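**Q** Below are the sequence and a predicted model; questions follow.
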Amino acid sequence: MKKVLLGTILGAALGYVARRMQENGFLDQVSDEISKFTSKTKKNFSNIVDVGKNEAEYLKDRVKKYGEKGESFIHEE
């Protein structure tokens with residue numbers, strides 16, 4: 001019973017604090033900051049994907065180049 005009572009009191013206190021934060025406009029600021037963070041994260045993730053694709057293409061070209069060198073070396077003998 002103590003746990004239920006404690007949970008109810010904590011829930012009511014958190015609800016009161018959240019409402020006061022919303023009335024003071026603090027939650028709008030938090031929402032804006034989260035929005036900025038998510039857009040920046042999406043941009044960074046997109047950049048990472050692009051760099052990964054470029055690296056994969058570069059490695060593919062290098063493997064192809066060394067494969068052609070190895071093939072020409074084998075045919076010279």
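**A** Here it is on my side, so go on. Residues are numbered from 1 along each chain as shown.

**Q** quick one, helices of the chain?
**A** Taking DSSP state H as the criterion, the chain carries its helices at 2-23, 26-76.

**Q** between the first one and helix 26-76, how many degrees?
**A** Right, the one you point to is helix 2-23. Orientation check (axes from the mean of the first three to the mean of the last three Cα atoms, to 10 degrees): helix 2-23 against helix 26-76 gives 90 degrees.

**Q** got the contact list for helix 2-23?
**A** Contacts with helix 2-23, where a contact means Cβ atoms under 8 Å, 6 or more residues apart in numbering, come from L27. C-beta coordinates here come from the backbone N, C-alpha and C atoms, glycine included.

**Q** what's around S39, how many residues?
**A** Residues near S39, counting by other Cβ atoms under 10 Å, number 10.

**Q** again, but for L27
**A** Number of residues near L27 (other Cβ under 10 Å) recorded here: 14.

**Q** re earlier: I'd like the helices of the chain laid out as a markdown table, including mean pLDDT.
**A** Shown next, in a markdown table, are the helices of the chain (pLDDT from 0 to 100):
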| stretch | mean pLDDT |
| --- | --- |
| helix 2-23 | 90 |
| helix 26-76 | 86 |
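
**Q** Any chance you could give me stretch 30-48 in CSV, C-alpha atoms only?
**A** Extracted in CSV, the C-alpha atoms of stretch 30-48 (Å, rounded to 0.1, in the frame of the first residue of the first chain):
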residue,chain,number,x,y,z
VAL,A,30,12.7,22.0,-25.0
SER,A,31,10.6,21.0,-28.0
ASP,A,32,12.5,23.5,-30.2
GLU,A,33,15.8,22.2,-29.0
ILE,A,34,14.8,18.6,-29.6
SER,A,35,13.7,19.5,-33.1
LYS,A,36,17.0,21.2,-33.8
PHE,A,37,18.9,18.2,-32.5
THR,A,38,16.9,15.7,-34.5
SER,A,39,17.3,17.7,-37.7
LYS,A,40,21.1,18.0,-37.1
THR,A,41,21.3,14.3,-36.3
LYS,A,42,19.4,13.4,-39.6
LYS,A,43,21.8,15.6,-41.5
ASN,A,44,24.9,14.0,-39.9
PHE,A,45,23.5,10.5,-40.5
SER,A,46,22.9,11.4,-44.2
ASN,A,47,26.5,12.6,-44.4
ILE,A,48,27.8,9.4,-42.8
